[in-house]
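S.K.: what follows is a predicted protein model with its sequence.
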There are 2 protein chains.
Amino acid sequence: MHLTHGLTRAALQRPDALALICEDRRRTYRQFADRVARLAGAFRGFGLKPGDRVSILALNSDRYVEYYFATIWAGGIIAPINTRWSTPEMVECVEDCTPAILLADSDHAEQARALARQCDCIHHLIHADEGTADGFADYETLIAETEPVEDARRSDDDIACLFYTGGTTGRSKGVILTHANLAINALHTIPGYGYDETTVALHAGPLFHLAAGSRIFTNTIAMGCHVVMCRFSGANMLSLIETEKITSVVLVPTMIAMLLEMPEFKEHDLSSLSHLSYGAAPMPEALLARLMRALPHTKFAHSYGMTETSPLVSTLPHSVDDLDGPLAAKLRTAGRAVFDVDIRIADDDGRNVATGEVGEILLRGPTITPGYWQRPDLTAEALRDGWLHTGDLGYLDEDQYLTVVDRKKDMIISGGENIYSAEVENALHLHPAIAECAVIGLPDERWGERVHAVVRLENGTAIAAEDLIEHCRGLIAHYKCPREIEFSTEPLPKSGPGKILKSALREWQRT
Amino acid sequence: MHLTHGLTRAALQRPDALALICEDRRRTYRQFADRVARLAGAFRGFGLKPGDRVSILALNSDRYVEYYFATIWAGGIIAPINTRWSTPEMVECVEDCTPAILLADSDHAEQARALARQCDCIHHLIHADEGTADGFADYETLIAETEPVEDARRSDDDIACLFYTGGTTGRSKGVILTHANLAINALHTIPGYGYDETTVALHAGPLFHLAAGSRIFTNTIAMGCHVVMCRFSGANMLSLIETEKITSVVLVPTMIAMLLEMPEFKEHDLSSLSHLSYGAAPMPEALLARLMRALPHTKFAHSYGMTETSPLVSTLPHSVDDLDGPLAAKLRTAGRAVFDVDIRIADDDGRNVATGEVGEILLRGPTITPGYWQRPDLTAEALRDGWLHTGDLGYLDEDQYLTVVDRKKDMIISGGENIYSAEVENALHLHPAIAECAVIGLPDERWGERVHAVVRLENGTAIAAEDLIEHCRGLIAHYKCPREIEFSTEPLPKSGPGKILKSALREWQRT
């Protein structure tokens, strides 16, 4: 299966239908496909060969959707960069995926230039919006002056994307996703989330993440219209839903909580919103109940997934939506596995646990990543005996509904971003005043979880919490830095072999 | 992708839901999966190895669905036999696919025995219903006495089925369909035809054809309930729709016409029928209009496809259903291509014709057969430059809606069965009285087309039409035999090189 076929087909079957809406720009599928074929021609003109990577350092826009399709149309691999990363984190990513081409918008031109200086691989910088800058090819000029090229027709096991996710060692890893992975995911998503050619999908999450990115493919295959938000803002989202008559949106619970709290919420006509899907973090039940009351005509679908799974693993269909219905208890779950994906709950030795017992969630199926880019070690660790070891802990009830209870890996999910505690701890430890430290996630109404650090200082030293946080900001992305620091004069609680007992630290917080 | 996963998943997620209904038998998904795993164990006990064929000679029943799944669960290839064929035709099929196991029901036990005598390959006969017969293993005993085995987990490019379709030379050919072919077809069918776990699908067409067979996989993947009709009868269908609250049915226009003509039609409550799909033959517009008026709450979907395409190529969604709506003109079409299937209209040299011009329909995509079983010659002829040459003539309008106008191959479609004129002509020619003959399809209200033969007898001979038809019945399936014979004393009209001009013969009929 070819992801590009979604665009080819839409341009043939619905050429004059609106395809992309962003700010004051509106493009039809004919225009979208034509621009993609030209931009792909420019990439090939820059020497892009099948399988070469194209990186993107930009805010969301309609053009981000063009970067996606132009890259695979040209035969390349999409490798977006998280704009929230620190420069050292970006350098690591670029050195890992070695893109020859880097697209950057005005907000990131300087960073892109710095990356090109530090990373030998980058030979072509493209200024990916109206602005221009020295040393950058101009996006609109490339499109205007390049002849359209034929689709490279990469398919099936050919790699389509690398999406980088945090790593426990502080170095993020590139999750390989193939054309088949993402096309099958789209075919699963279409019926479960009601995509068809009348869909007007709002892409609110960042397109450097798969959660939003996968829906670009799904909605193009469904031949729906894409509305792209450049920066997430609740006020903007509410007015976009009303003015563009948005039918479908994906949100993380953090965004939902923010929207519901806004006084403007009730002032907007949100009746067009027929489908809302949520995931990527636990959904507090009270929040879900408020959401259902606030949007009585909307169908909700909860899902569980991760970058490594394209992402859809399980879905809770909207038929379960009734808070007083016979399946109300299932509302707390992440639903049941989609076709051809197997969920297995295993103990540490890989043996199945009993129904209802907690164990590690293992997954198998055609939407599972073949592995991590150039990391056979991590691939072998994650994919054992054909099963993806997710590091998430959960259980299946007797009806096969999945509940995710915790993460085996020491990871925090804050505002939809995965943050590995080890990475934050490594940054803290680089400060000379730190004797020992531990980073945990604490429940947070707005962000789902927030990063909380417990530190013990070396004797005779003193440092303010703000200064420690500032120290971290120089090393890692802002969203990874501790939101609060707790100072302990006592040694941190430890297990027999000297490992800090995070469960005990979490217990402290509760008492 | 594994077709068997549909069953595994349904048995896990909906074990107590009804899966199979036929006459007075009702089985849940748990029972269905258990019986399949046991029957597969019996097949393996008979020595079935991965890729071995299992043939079926039986009327429709819930057990036919079990034969399907047990075969692929065991690792084998499903190779059904058309029960309407003559014995010589069945022998040809069996000698082509060489099944070691043949399942036959009571109605076909004698024929099965004859086949086993004539074909060395068949080593095991299974009596596939309650009856027993000498030399046959007993179906229910095998299931009761065999331990369930693990799914062979055949997938993707592994062959799942051989469906035999008529051949121009009088020898039918086995269309190879893989697990991926049929799984992707199912994922396309689910949203377009509204399959989900509330679906109650009536399988009315014969399960030795893909039209009905493919929906077995689709509805299992959707975890819906299957209701199987043993023999098609309008009265039975109407009462089944009412009593079993059928939601989904696939019909050929012949069946639809028959139903609408029945006085009982208005006496039944058919309000459960939310989805009706039709295809396999041209749908007269007046019939469609009557159907829409008769079933105002039903969503209709027309589709175009063939065995070689798993079968869905294009669909006309129910959103076009309005006879007075803006897309009413599209109702005459077979809709637009599904995702990842390309339709190309080509002239005899394989060049694209202009929009709106008639040419041969060529197809490409992941649901297209890899070829014909052990017929590299036919495969090479049909699949050229990556495109399936369908032999159908049609055109695409500017919105990419496909209209099928005729068949390039000299083929008649009567009651959903493909009949090659050459095969019928060969049978006629074996009668010594025939000097020359030609077989054409004439429009028929009930059957779509009917087989019409024009013959010229040798001088000095005489034979009644009934006797010539009887002669054919000894050689080919009854449905292929001429329904009427027209005697000509003049030589049949010919083109320059001496080829009979069938267009001129058809013209005769109109005047």
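M.R.: Good, I have the coordinates.
S.K.: tell me the contacts of A:A11?
M.R.: Going by CB atoms under 8 Å, 6 or more residues apart in numbering or on different chains, A:A11 touches A:29-30, A:32-34. Backbone N, C-alpha and C define where each C-beta goes, glycine included.
S.K.: which SS state does it fall under?
M.R.: Following DSSP: H, G, I helix; E, B strand; the rest coil, A:A11 is assigned to helix.
S.K.: OK, contacts around the residue lying closest to it once chain neighbours are set aside?
M.R.: Once flanking residues are discounted, A:A11 sits nearest to A:A33: 3.5 Å by CB to CB, 6 or more residues apart in numbering or on different chains. Residues near A:A33 by CB under 8 Å, 6+ apart: A:7-8, A:10-11.
S.K.: and the residue in the stretch 401-511 of chain A that chain B sits nearest to, how many neighbours?
M.R.: Proximity of the stretch 401-511 of chain A to chain B (CB to the nearest CB) peaks at A:Y401, 8.6 Å away. Residues lying near A:Y401 (other CB atoms under 10 Å in any protein chain shown) number 22.
S.K.: do you know how far A:R336 is from B:D269?
M.R.: Using CB to CB, to the nearest Å, one gets 33 Å for the distance from A:R336 to B:D269.
S.K.: if you count what's nearby, which of those two comes out ahead?
M.R.: Neighbour count, other CB under 10 Å: between A:R336 and B:D269, A:R336 has more, with 27 against 11.
S.K.: angles on the backbone of the more buried one, please.
M.R.: A:R336 adopts backbone torsions of phi -120, psi 160, taken as degrees, to the nearest 10.
S.K.: report the contact partners of it.
M.R.: Residues in contact with A:R336 (CB under 8 Å, 6+ apart) are A:314-316, A:399-402, B:13.
S.K.: hey, what's it bridged with?
M.R.: Per DSSP bridges, the residues bridged to A:R336 are A:T315.
S.K.: ok, A:G371 next?
M.R.: Beta-bridge pairing for A:G371 (DSSP bridges): A:I176.
S.K.: where does the stretch 1-150 of chain A dip in pLDDT?
M.R.: The stretch 1-150 of chain A contains no residues with pLDDT under 70.
S.K.: sorry, back to before: buried members of the contacts of A:A11 into PyMOL, please.
M.R.: Selecting only the buried entries of the contacts of A:A11 in PyMOL, with 16 or more other CB atoms under 10 Å in any protein chain shown as the criterion:
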select buried, chain A and resi 29+30+32+33+34
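S.K.: so the residue of the stretch 201-350 of chain A found nearest chain B is in which element?
M.R.: Going by CB to the nearest CB, chain B is nearest to A:D340 of the stretch 201-350 of chain A, at 4.6 Å. Using DSSP states H and E, A:D340 sits within no helix or strand.
S.K.: and it, what's its pLDDT?
M.R.: Looking at A:D340, its pLDDT is 95.
S.K.: contact partners for it?
M.R.: Shown in contact with A:D340 (CB under 8 Å, 6+ apart): A:184, A:365-367, B:1-2, B:5, B:9, B:183.
S.K.: kindly report the same for A:G474.
M.R.: For A:G474, the contact set (CB under 8 Å, 6+ apart) comprises A:S86.
S.K.: now do 10 Å
M.R.: Residues counted as contacts of A:G474 (CB atoms under 10 Å, 6 or more residues apart in numbering or on different chains) are A:86-88, A:427, A:430, A:481.
S.K.: ok, A:S61 touching A:Y67?
M.R.: Yes - A:S61 is within contact range of A:Y67, at 9.2 Å (criterion: CB atoms under 10 Å).
S.K.: what sits in contact with each of the two?
M.R.: Both A:S61 and A:Y67 are contacted by A:128, A:207, under the criterion CB under 10 Å, 6+ apart.
S.K.: show me which of these two is the more surrounded one.
M.R.: A:Y67 (24 against 21).
S.K.: distance from the chain centre to whatever helix or strand that one lives in, please.
M.R.: Using DSSP H and E, A:Y67 falls within helix A:62-74. From the chain centre to the centre of helix A:62-74 is a distance of 17 Å (CA atoms, centre = their mean, to the nearest Å).
S.K.: same question, stretch A:369-377
M.R.: Relative to its chain's centre, stretch A:369-377 lies at 18 Å (CA atoms, centre = their mean).
S.K.: repeat for stretch A:275-295
M.R.: On the basis of CA atoms, centre = their mean, stretch A:275-295 sits 19 Å off its chain's mean C-alpha point.
S.K.: got the contact list for the residue most central in space within chain A?
M.R.: Centroid check for chain A by CA atoms, centre = their mean gives A:H209 as the closest residue, at 2.9 Å. Counting by CB under 10 Å, 6+ apart, A:H209 touches A:80, A:82, A:163-165, A:280, A:307, A:311, A:416-418.
S.K.: list phi and psi for the residue of the stretch 201-350 of chain A closest to chain B.
M.R.: Main-chain dihedrals, A:D340, degrees, to the nearest 10: phi 70, psi 10.
S.K.: please apply the same query to A:P206.
M.R.: Dihedral pair for A:P206: phi -70, psi 140, per degrees, to the nearest 10.
S.K.: what's the neighbour count on it?
M.R.: Residues lying near A:P206 (other CB under 10 Å) number 22.
S.K.: try the one 5 residues further on
M.R.: As a burial measure, A:A211 scores 23 neighbours (other CB under 10 Å).
S.K.: next, the residue nearest to it when sequence neighbours are not counted: secondary structure please.
M.R.: Excluding its sequence neighbours, the residue lying closest to A:A211 (CB to CB, 6+ apart) is A:G205, at 5.3 Å. Three-state call for A:G205 (three-state DSSP): coil.
S.K.: near chain B, which residues of the stretch 1-150 of chain A show up?
M.R.: Within the stretch 1-150 of chain A, the positions lying close to chain B (CB under 10 Å from any CB of the partner chain) are A:1-6, A:8-16.
S.K.: the stretch 351-500 of chain A too?
M.R.: When proximity is defined as CB under 10 Å from any CB, the stretch 351-500 of chain A approaches chain B at A:364-367, A:386, A:396, A:398-401.
S.K.: which of the residues you listed ranks first by neighbour count?
M.R.: A:T367 leads those on contacts (other CB under 10 Å) with 29 neighbours.
S.K.: so that residue makes contact with A:E308?
M.R.: Yes - if you go by CB under 10 Å, A:T367 and A:E308 touch, sitting 9.4 Å apart.
S.K.: which residues are common contacts for the two?
M.R.: Residues touching both A:T367 and A:E308 by CB under 10 Å, 6+ apart: A:177, A:181.
S.K.: what helix or strand is A:T243 on?
M.R.: Using DSSP H and E, A:T243 sits in helix A:234-244.
S.K.: that helix: which residues count as buried?
M.R.: Residues A:234, A:237-238, A:240-242, A:244 are the ones in helix A:234-244 that count as buried (16+ other CB under 10 Å).
S.K.: what is the nearest of those to B:T199?
M.R.: Checking those against B:T199 with CB to CB, the nearest one is A:I241 at 31.8 Å.
S.K.: quick one: contacts for that closest one?
M.R.: Applying CB under 10 Å, 6+ apart to A:I241 gives the contacts A:200, A:202, A:204, A:227, A:247, A:249, A:259, A:268-273.
S.K.: and with 6 Å instead?
M.R.: Taking CB atoms under 6 Å, 6 or more residues apart in numbering or on different chains, we find A:I241 in contact with A:270, A:273.
S.K.: so what's it scoring on pLDDT?
M.R.: At A:I241, the pLDDT value in this model is 96.
S.K.: same deal with A:P497?
M.R.: pLDDT for A:P497: 58.
S.K.: ditto for A:V454
M.R.: Reported pLDDT at A:V454 in the predicted model: 93.
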